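Asks: Give me the fold of what follows.
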Amino acid sequence: MAATFTDRDHQVARTTHKLFWRANAQDRRTFIVWLLTRPAALLIYNVLIPFQVAYGLQSIVTEEFDRVGHYALMVFLLGLAYCVLWAVGGVAICRNGREGTAFIQREVFKNYLNKDYEFFNNAFLGTLGAQATRLKDAYNEYSILVLNSIVKQIILVVSSIGIIAWHSWALAAVTVVSMILILSFTIATGKWRLKYRRLLSEANSEIAGVVGDALGHGVTVKSFASEAYEYQRFDKAVAKQVRMQYLSWMTSIPADVGRMILATVATVILLVLTARLYQDGIITIAIVVLVQLYVIKLVNATQEIADMIKSYEATMSGAHQAVKTMLLQPTILDPAKPKKLTQKSGLDIELKDVTYRYGDAKKGNAAVKDFSLHVKQGEKVGLVGYSGSGKTTLTKLLLRFMDVTEGSITLGGVDIRDLSQDDLRSRIAYVPQEPLLFHRSIEDNIAYGKPAAGRAAIRKAGAAAFVDEFVGELSNGYDTMVGEKGIKLSGGQRQRVAVARALLKDAPLLVLDEATSALDSRSEQYIQKALWRLMDGRTALVIAHRLSTIQRMDRIVVMDKGEIIEVGTHDELLKKKKGVYSRLWAHQSGGYLLPDER
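Replies: So this is what the prediction gives:
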């Protein structure tokens with residue numbers, strides 16, 4: 001399986017580096033402490049201590065035993081200094097990593113949260129969670145790799161080659177050429193392996209998506225007895241993942257073997273050359289010992305650098321998917337200089353020649369076509385029509401989950417595209433057709449309408465939406481956890497919580513998409529009273545299949561195939577015996593629309 005590197009891949013890599021360094025810069029003081037202490041410790045360990053050891057051995061060879069104690073003391077003191085500096089640097093980098101880790105998690109969560117409606121429609125939520133976790137882990141690995149391992153190896157290599165060159169340019173030249181060959185081979189094979197690591201990362205994300213999708217809809221899986229089917233989907237994803245894992249492991253074998261062959265050849269050449277230089281009297285036994293110490297260090301360094309490159313590949317692969325997602329630009333953007341709405345309540349809405357086509361719609365097919373409607377300040381307008389007539393699409397356009405293909409929508413005389421999305425939506429209380437609750441308490445879910453509201457206001461909204469009617473039967477009352485997506489509550493109970501949330505928000509514009517569809521007739525009557533109190537003096541747009549919900553609306557707009565076909569009050573529309581609304585009303589049973597019999 002092949003994978004190619006595109007400009008997008010390089011952009012992801014550059015962005016990842018920038019993101020990680022921004023994270024490291026969150027606590028500059030600890031970074032500076034690390035920068036002063038860790039390199040100093042490495043210089044002591046890699047330069048000063050080996051010098052003392054080498055000359056101590058030289059003293060033994062030349063029988064200058066009185067100097068051995070001096071060198072031993074220096075090794076002890078330098079070792080003590082190394083330990084102190086290393087510990088201080090370690091504490092500094094741990095504290096720096098703590099701040100950086102928090103920064104990474106905040107950045108990815110904020111970025112994902114700010115994606116648009118279309119993004120969440122298409123994303124596997126389980127995959128997003130796995131990506132975010134891997135990005136955090138990748139940052140931690142990157143910090144250890146860059147701030148410890150790479151710096152350590154740079155200091156080791158530079159100091160080692162410098163010391164060898166000081167005593168013999170020939171040895172230094174052979175050492176440098178050997179390391180260049182080994183590292184070039186490692187980097188070349190690393191690019192080859194990175195392709196398979198990317199594919200492995202994608203396979204891991206796919207598994208997380210399959211797991212999240214199946215477990216997140218566990219009740220549906222159970223109700224359809226589809227455990228075997230979901231297992232097959234999971235097994236297929238696992239087969240792909242283990243295949244990519246196997247290829248990733250297998251590609252490391254020739255790379256490791258080739259590197260070890262080069263390192264062995266280099267070691268032999270350096271050993272022979274060192275022996276010849278000593279035989280010719282160019283270097284002393286102390287220098288032989290010193291050079292061999294550094295040759296061993298450099299051979300080990302090439303192995304560590306190779307391991308670092310492999311770790312770097314794994315790290316960047318782990319971060320790749322999350323950063324790639326972060327780089328996805330929302331299609332719905334705020335204007336550079338948003339306008340401000342000055343009216344605080346009762347805003348009028350005007351939809352002028354609005355047309356909207358979904359991205360996958362055939363050319364000429366539109367969910368809404370040339371739709372024009374002016375809803376005056378404080379007016380209550382109902383929208384009815386068969387499923388697929390475009391009613392819910394209009395609410396999404398009004399909330400600017402999507403932008404109109406043609407035409408415009410204004411709120412209070414201002415095109416909603418000229419407003420910030422937060423400003424627009426803060427003025428709308430929206431109850432969708434299928435309200436999904438957070439896995440939090442009932443009180444927390446109601447409070448979401450106005451987080452700063454006190455408990456009294458929350459309970460008042462709950463009472464107005466008749467949440468009290470079922471909360472009293474729960475052992476923990478308003479503190480009851482509702483489960484994932486509110487699964488512990490019935491459809492009607494979830495709807496009441498959503499209505500209570502809208503009541504608490506108390507926004508000037510109310511948009512209800514089947515807000516009472518899941519309620520029994522008795523509760524619906526009480527909810528309608530609460531909603532009418534809320535709608536008093538406010539602009540309201542109400543979608544309903546249960547026509548009894550909208551009988552008292554100032555106007556009722558009947559839609560079909562994205563267009564307005566009738567407009568009037570309930571009584572006016574009923575007088576049109578051959579009209580669509582009249583036919584819908586006649587075909588209702590218990591307030592619900594029967595299937596389209598046109």
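
Asks: Surely residue 539 touches residue 378?
Replies: Yes - under the criterion of Cβ atoms under 8 Å, residue 539 makes contact with residue 378 at 6.1 Å. No exception for glycine: its C-beta is placed from N, CA and C like everyone else's.

Asks: could you pull out the helices for the stretch 251-400 of the chain?
Replies: For the stretch 251-400 of the chain, the helices defined by DSSP state H, counting those that start in this stretch occupy 285-326, 391-398.

Asks: and the ones you listed as CSV, adding mean pLDDT?
Replies: Compiled in CSV, the helices of the stretch 251-400 of the chain are given as follows (pLDDT from 0 to 100):
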stretch, mean pLDDT
helix 285-326, 74
helix 391-398, 90
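
Asks: Just put the ones you listed in a markdown table and tack on distance to residue 337.
Replies: Output for the helices of the stretch 251-400 of the chain, formatted as a markdown table (distance: least, Cβ to Cβ, whole Å):
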| stretch | distance to residue 337 |
| --- | --- |
| helix 285-326 | 25 |
| helix 391-398 | 22 |
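
Asks: looking at those helices, which is closest to residue 556?
Replies: Across those, residue 556 has its closest neighbour in helix 391-398 (11.9 Å, Cβ to Cβ).

Asks: For stretch 149-159, buried residues please.
Replies: Buried residues in stretch 149-159, defined by neighbour count with 16 or more other Cβ atoms under 10 Å: 149, 151, 152, 153, 155, 156, 157, 159.

Asks: from these, which single one is nearest residue 405?
Replies: Once Cβ to Cβ is applied, the member of the buried residues of stretch 149-159 that ends up nearest residue 405 is residue 149, at 53.2 Å.

Asks: Excluding covalently adjacent residues, which one is nearest to the closest one?
Replies: residue 308 (5.1 Å; Cβ to Cβ, 6 or more residues apart in numbering).

Asks: From residue 146, how far out is that neighbour?
Replies: Remark: distance between residue 308 and residue 146 (Cβ to Cβ, to the nearest Å) = 9 Å.

Asks: Could I have the CA atoms of the helix or strand residue 457 falls within written out in CSV?
Replies: Residue 457 is part of helix 455-464 when elements are defined by DSSP states H and E. Provided in CSV are the C-alpha atoms of helix 455-464 (Å, rounded to 0.1, in the frame of the first residue of the first chain):
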residue,chain,number,x,y,z
ARG,A,455,-31.0,27.4,41.2
ALA,A,456,-34.3,29.2,41.8
ALA,A,457,-34.5,30.3,38.2
ILE,A,458,-33.6,26.8,37.0
ARG,A,459,-36.3,25.2,39.1
LYS,A,460,-38.8,27.8,37.9
ALA,A,461,-38.0,27.0,34.3
GLY,A,462,-38.3,23.3,35.1
ALA,A,463,-41.6,23.8,36.7
ALA,A,464,-42.9,25.9,33.8
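
Asks: Point out the other elements, helices or strands, that that helix touches.
Replies: helix 442-447, helix 491-505 (3 or more Cβ pairs under 8 Å, 6 or more residues apart in numbering; DSSP states H and E).

Asks: would you list these in TSV and tack on mean neighbour count and mean pLDDT?
Replies: TSV is the format used below for the helices and strands packed on helix 455-464 (neighbours: other Cβ atoms under 10 Å; pLDDT from 0 to 100):
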stretch	mean neighbour count	mean pLDDT
helix 442-447	24	89
helix 491-505	24	85
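
Asks: Those: which one's closest to residue 197?
Replies: So among the helices and strands packed on helix 455-464, helix 442-447 is nearest, using Cβ to Cβ, at 41.2 Å.

Asks: Report the inter-axis angle for the helix or strand hosting residue 130 versus helix 285-326.
Replies: If you go by DSSP H and E, residue 130 is part of helix 125-144. Calculated by axes from the mean of the first three to the mean of the last three Cα atoms, to 10 degrees, helix 125-144 forms an angle of 160 degrees with helix 285-326.

Asks: quick one: average confidence on helix 125-144?
Replies: For helix 125-144, the mean pLDDT works out to 79.

Asks: Distance from it to the middle of the chain?
Replies: Taking the mean of its C-alpha atoms, helix 125-144 sits 9 Å from the chain's own mean (Cα atoms, centre = their mean, to the nearest Å).

Asks: what sits against residue 116?
Replies: Residue 116 sits next to 330, 331, 332, 401 when contact means Cβ atoms under 8 Å, 6 or more residues apart in numbering.

Asks: What ranges does the stretch 1-150 of the chain have for its helices?
Replies: For the stretch 1-150 of the chain, helices defined by DSSP H, counting those that start in this stretch occupy the ranges 7-24, 28-43, 49-61, 68-113, 117-122, 125-144.

Asks: For residue 285, see how far away the residue of the chain most remote from its centre is.
Replies: Most distant from the centre of the chain: residue 63, at 66.9 Å, with distances by Cα atoms, centre = their mean. Residue 63 sits 12 Å away from residue 285, taking Cβ to Cβ as the criterion.

Asks: swap in residue 328?
Replies: Counting by Cβ to Cβ, the gap from residue 328 to residue 285 is 64 Å.

Asks: which one among the buried residues of stretch 149-159 gets closest to residue 83?
Replies: Nearest to residue 83 among these, with distances taken as Cβ to Cβ, is residue 152, at 15.4 Å.

Asks: what's the closest non-adjacent residue to residue 558?
Replies: residue 566 (3.8 Å).

Asks: May I see the helices and strands packed on helix 455-464 organised as TSV, with distance to residue 128 added?
Replies: Output for those, formatted as TSV (distance: least, Cβ to Cβ, whole Å):
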stretch	distance to residue 128
helix 442-447	22
helix 491-505	24
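
Asks: Convert the C-alpha atoms of stretch 18-27 to PDB, please.
Replies: Only the C-alpha atoms of stretch 18-27 are listed here, as PDB (Å, rounded to 0.1, in the frame of the first residue of the first chain):
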ATOM      1  CA  LYS A  18       4.800  25.400  15.800                       C
ATOM      2  CA  LEU A  19       2.100  24.100  18.100                       C
ATOM      3  CA  PHE A  20       4.500  22.100  20.200                       C
ATOM      4  CA  TRP A  21       7.000  25.000  20.600                       C
ATOM      5  CA  ARG A  22       4.100  27.300  21.500                       C
ATOM      6  CA  ALA A  23       3.300  24.800  24.200                       C
ATOM      7  CA  ASN A  24       6.900  24.700  25.400                       C
ATOM      8  CA  ALA A  25       6.900  28.500  25.600                       C
ATOM      9  CA  GLN A  26       3.900  28.600  28.000                       C
ATOM     10  CA  ASP A  27       6.300  28.700  31.000                       C
END
